[in-house]
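Peer 1: sequence? don't have it. structure:
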């Protein structure tokens, strides 16, 4: 037993990888689903055990193949990435039961096996980026997750899915290239790829080489920002989310951008810890401005979207803006807000996209006017939409409020009233786009399509209700979310100072 | 009653929400469905009433709750002001439920199950707000109250109802998120807590200018208090069925607004802190302008419900005015006025709904001679109107009396002038209605237009008449037996 326990960090990644391989060989829908379900839940349990271990005994360092760092690849799990692992694995596990019917409905007959194969590969990549402590190994996993994501998007039945996947492929490849160039520069300066090692060596970098580090930071920031869809590097995201199969959208919205955000935070921490001289780079200010632009511009676009998947995609961009805003604020409360919103937003967005998946399963459309009056026909599903929507707004009693509270307190400490007012004012736009949907869905007479709609079967309904329930649960009980995020933020800030 | 006060307090919060869950189970059987509402209302009132003796005896039941954020918990505590508010709201819920049954059935309104569910959630939110231990918990229920009443405003689902619903939601959620929430966050940053405490938690924590900014954010952020220029939502909300206007937009929602304003002034800032930094002047002016302007607008309204709505805007500003004078006696007046106006205004709305139900009239100019056909309704209306003007022997007199005393004491002549002018204006828009109803001859019916039916005394269904008679008696009773509200008001100010 204990021998298994010691290898949990590797198993976290290896199990989904093997699962994916197997699903690829078998390529049968039923086997693929069973495999994906089993692997997702095993990964979820492993992530919980890992978090527990970190809480008990501090950071875990796992040496892959027994090679000690900095030569070998080190999997290094501290509070921050244990928290992100938990998020990714559990979003995957909770959404998985939804997949069976949804994928059967939305993906062509012969390709359903591939869906599960690619899904598991994507899970592998995302968990890998999170778990690894090696900058180049993170690149490898980044590519694994990206390549599988392109396929997942292209599996959508709408022909525009192909174009969206191609668009994302171009942007994603540019992002990955920028990332690897950035890592290359860091390697040039420090001679190391291990993040902890890089941080230590950066401290003794001679002055004339700091320019190389600055270039590395620029490449890394732009590269990762492409992956996390920071405004204005976001153009791939709305189409990708809109035309991918519903389950893929829900899973990606909950995990992919979040993992990229994690990677950004990790690199900022590594570089700032190693060389405080990068304060004057004004990265934080750039991040603040772009985040605020995202919060307002993307929310405003969401107001006018009639395809609800696209609307939620733009809403995601705005919400990512809140997360990066917290990173830019970079004080205890602000960083806590960023990390906790990373978690909370993943859950509420996964819930919302699953609701759209359920609606699509029943009426074959996610256009706003087709959803008119569907509320009374699918009461539980649409109530879940309202609850998660309120969380998006930041209504007290939902998890969104907790995030916004920390962000507001952090903003107040950072630059006073103005930033606080910007945060709350942009939330007001969310009232408009969520309120609009709620009004049409509940208060309009049913559309021809909605007339015959009825509640989805339990395998789809339960994941929706669990996620919607979680948005309320984490709005009241914040021991898991805000406490951990607070500790992680304190850890990062302590390392930087 | 041997239940512990803490248990009673939590029961009071839980009962309406439990009712909201139970009501849909009976959606196909209207009688048991309404029974659920009535039983819940009675149980709630009993729970709140049983709390009263211990609170009057000085007990302050508390439930420490769940810590949501460091220093901020989801927690409840009863203090005298919240006790009074809960008492008023829960007592009127019983009456209003009886009225609702009569009204909703007489009008054959659609979606009644949803109506009663939202009503129960709104009441639960009101009680939660009244018993909130800190600003966070209060804010949570404040938003829940907005969201749960939104479907009630949009109840008719036609274009006007939807438009009003949107305005309602945007204005109330908007002000609370953009102004109220930052004020709460700033309070937390300054004081390290958001708990309500006697004497306030901000004394010595903020400069005069910062106090002004904070108070501005609070006063306008609490949009439910309907201070001008953020009052538009209230007249718009009148498209709702009349029982909604009566209990929610004369009592629960708007009183939640002024209750929060008073609570913030007394228990967050502290009256001494505010008066020492000279905040009384501008707040008196803002409230005073609202009192007078809203009364002037009310004068011009022909639609009865809209006239009542503007009267509510004006009377709510009275409560804020009482608090703005910033002396203990005027705050006692403000608290008394919360109770007095609640009972009075619900009576007026009940009467308006009764006229609408029985005679299908909505405009003031149509009411000639209506008092002869509907003596109970218009009698109650007259009593309510006297209460609004503030004449004895009605409850409205007491609140104004204390406020006037406070204004004289602090030589706040602006406040005195506002009260005098507005009393004249109140009389100006209420007395003509009573005059029309009783002293003008009814319009001669056109021949062949059901003449006999027009002239016969035709009161509304009995639940409606019973409800409005009960609240009219309440207006009088509060004048003769003001002990309980007065004691609670005094305890709020610690004397």
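Peer 2: Noted; the coordinates are in hand. Predicted model, so just to flag it, every value in this text is computed and none were measured.
Peer 1: kindly confirm my reading that residue B:59 is in a helix.
Peer 2: No. Under DSSP: H, G, I helix; E, B strand; the rest coil, residue B:59 sits outside any helix and is assigned coil.
Peer 1: please tell me how far it sits from residue B:46.
Peer 2: 18 Å (Cβ to Cβ, to the nearest Å). Placement of C-beta: from N, CA and C, glycine included.
Peer 1: ramachandran angles for residue A:76?
Peer 2: phi -120, psi 120 (degrees, to the nearest 10).
Peer 1: thought it was touching residue A:59?
Peer 2: Yes. The criterion here is Cβ atoms under 8 Å, and residue A:76 meets it with residue A:59 at 6.4 Å.
Peer 1: higher neighbour count, these two?
Peer 2: Per other Cβ atoms under 10 Å in any protein chain shown, whichever of residue A:76 and residue A:59 has more neighbours is residue A:76, with 20 against 16.
Peer 1: now for the more buried one: which residues touch it?
Peer 2: Taking Cβ atoms under 8 Å, 6 or more residues apart in numbering or on different chains, we find residue A:76 in contact with A:59, A:60, A:61, A:62, A:132, A:133, A:195, A:196.
Peer 1: for residue B:18, same thing?
Peer 2: residue B:40.
Peer 1: ok so it is a strand residue?
Peer 2: No. Assignment of residue B:18 by three-state DSSP gives helix, placing it outside any strand.
Peer 1: OK, now which residue of chain A is nearest to chain B?
Peer 2: residue A:396 (4.0 Å; Cβ to the nearest Cβ).
Peer 1: and that residue, what are its phi and psi?
Peer 2: Dihedral angles for residue A:396 - degrees, to the nearest 10 - are phi -60, psi 150.
Peer 1: tell me if I'm right that it and residue B:140 touch.
Peer 2: Yes. Counting by Cβ under 8 Å, residue A:396 touches residue B:140, with 4.0 Å between them.
Peer 1: what does the stretch 51-200 of chain B have sitting close to chain A?
Peer 2: B:66-70, B:74, B:136, B:139-140, B:143-144, B:147, B:151, B:154, B:157, B:162, B:165-166, B:169-170, B:173-174, B:177-178, B:181-182, B:185-186, B:188-189 (Cβ under 8 Å from any Cβ of the partner chain).
Peer 1: for chain A, what lies in contact range of chain B?
Peer 2: Residues of chain A lying near chain B (Cβ under 8 Å from any Cβ): A:390, A:393-397, A:402, A:404-406, A:408-409, A:412-413, A:417, A:420-421, A:424-425, A:427-428, A:431-432, A:435, A:439, A:442-444, A:475-478, A:482, A:486.
Peer 1: got the contact list for stretch B:276-291?
Peer 2: Counting by Cβ under 8 Å, 6+ apart, B:208, B:211-212, B:215, B:219, B:226-228, B:231, B:274, B:313-314, B:316-318, B:320-321, B:323-326, B:410, B:412, B:414-415, B:417-418, B:422 sit against stretch B:276-291.
Peer 1: check contacts around the residue of chain A closest to chain B.
Peer 2: By Cβ under 8 Å, 6+ apart, the neighbours of residue A:396 are A:475, B:136, B:139, B:140, B:143.
Peer 1: from residue B:299, how far off is it?
Peer 2: 39 Å.
Peer 1: contacting residues around the lowest-mean-pLDDT helix or strand in chain A?
Peer 2: Least confident helix or strand of chain A, by mean pLDDT, DSSP states H and E, is helix A:2-6 with a mean of 79. Residues from elsewhere that reach helix A:2-6, judged by Cβ under 8 Å, 6+ apart: A:11, A:49, A:53, A:62.
Peer 1: can you flag which of the residues of chain A next to chain B belong to helices?
Peer 2: A:390, A:393, A:402, A:404-406, A:408-409, A:412-413, A:417, A:420-421, A:424-425, A:427-428, A:431-432, A:435, A:439, A:442-443, A:475-476, A:486 (DSSP state H).
Peer 1: list buried residues within those.
Peer 2: A:390, A:393, A:402, A:404-406, A:408-409, A:412-413, A:420-421, A:424-425, A:427-428, A:431-432, A:435, A:439, A:442-443, A:475-476, A:486 (16 or more other Cβ atoms under 10 Å in any protein chain shown).
Peer 1: buried stuff in stretch B:163-178?
Peer 2: In stretch B:163-178, counting by 16+ other Cβ under 10 Å, buried: B:164-169, B:171-178.
Peer 1: avg pLDDT for it?
Peer 2: Mean pLDDT, stretch B:163-178: 89.
Peer 1: what comes into contact with that stretch?
Peer 2: A:393-394, A:421, A:424-425, A:427-428, A:431-432, A:435, A:439, A:443, B:139, B:142-143, B:146-147, B:149-151, B:153-154, B:220-224, B:230, B:232-233, B:236-239.
Peer 1: which ones are touching the closest residue to chain A within the stretch 51-200 of chain B?
Peer 2: Checking the stretch 51-200 of chain B residue by residue against chain A with Cβ to the nearest Cβ singles out residue B:140 as nearest, at 4.0 Å. Shown in contact with residue B:140 (Cβ under 8 Å, 6+ apart): A:396, A:397, B:74, B:128, B:132.
Peer 1: can I get those in JSON lines with distance to residue B:10 and pLDDT?
Peer 2: Converted to JSON lines, the contacts of residue B:140 look like this (distance: Cβ to Cβ, whole Å; pLDDT from 0 to 100):
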{"residue": "A:396", "distance to residue B:10": "19", "pLDDT": "88"}
{"residue": "A:397", "distance to residue B:10": "17", "pLDDT": "87"}
{"residue": "B:74", "distance to residue B:10": "12", "pLDDT": "89"}
{"residue": "B:128", "distance to residue B:10": "10", "pLDDT": "93"}
{"residue": "B:132", "distance to residue B:10": "13", "pLDDT": "91"}
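Peer 1: closest to residue A:96 among the residues you listed?
Peer 2: Residue A:96 has its nearest neighbour among the contacts of residue B:140 in residue A:397, at 28.1 Å by Cβ to Cβ.
Peer 1: does chain A sit close to stretch B:21-39?
Peer 2: No. For a cut-off given as Cβ under 8 Å from any Cβ, stretch B:21-39 has no contacts with chain A; the smallest distance is 9.3 Å.
Peer 1: buried residues, that stretch. List them.
Peer 2: B:22, B:23, B:26, B:33, B:34, B:36, B:37, B:38.
Peer 1: out of the contacts of stretch B:276-291, which end up buried?
Peer 2: B:211-212, B:215, B:219, B:226-228, B:231, B:274, B:313-314, B:316-318, B:320-321, B:323-326, B:410, B:412, B:414-415, B:418, B:422.
Peer 1: so which of those residues are in helices?
Peer 2: Going by DSSP H, the helices hold B:211-212, B:215, B:219, B:274, B:313-314, B:316-318, B:320-321, B:323-324, B:414-415, B:418, B:422 from the buried ones among the contacts of stretch B:276-291.
Peer 1: residue in the stretch 201-350 of chain B nearest to chain A?
Peer 2: For the stretch 201-350 of chain B, Cβ to the nearest Cβ, closest residue to chain A: residue B:213, 7.8 Å.
Peer 1: next up, the contacts around that residue.
Peer 2: residue A:417.
Peer 1: list the buried residues in the host helix or strand of residue B:7.
Peer 2: In the assignment (DSSP states H and E), residue B:7 maps to helix B:5-22. Residues B:5-6, B:8-13, B:15-17, B:19-20, B:22 are the ones in helix B:5-22 that count as buried (16+ other Cβ under 10 Å).
Peer 1: mean confidence score for whichever helix or strand comes after it?
Peer 2: Counting by DSSP H and E, the element after helix B:5-22 in chain order, helix or strand, is helix B:30-56. The average pLDDT within helix B:30-56 is 88.
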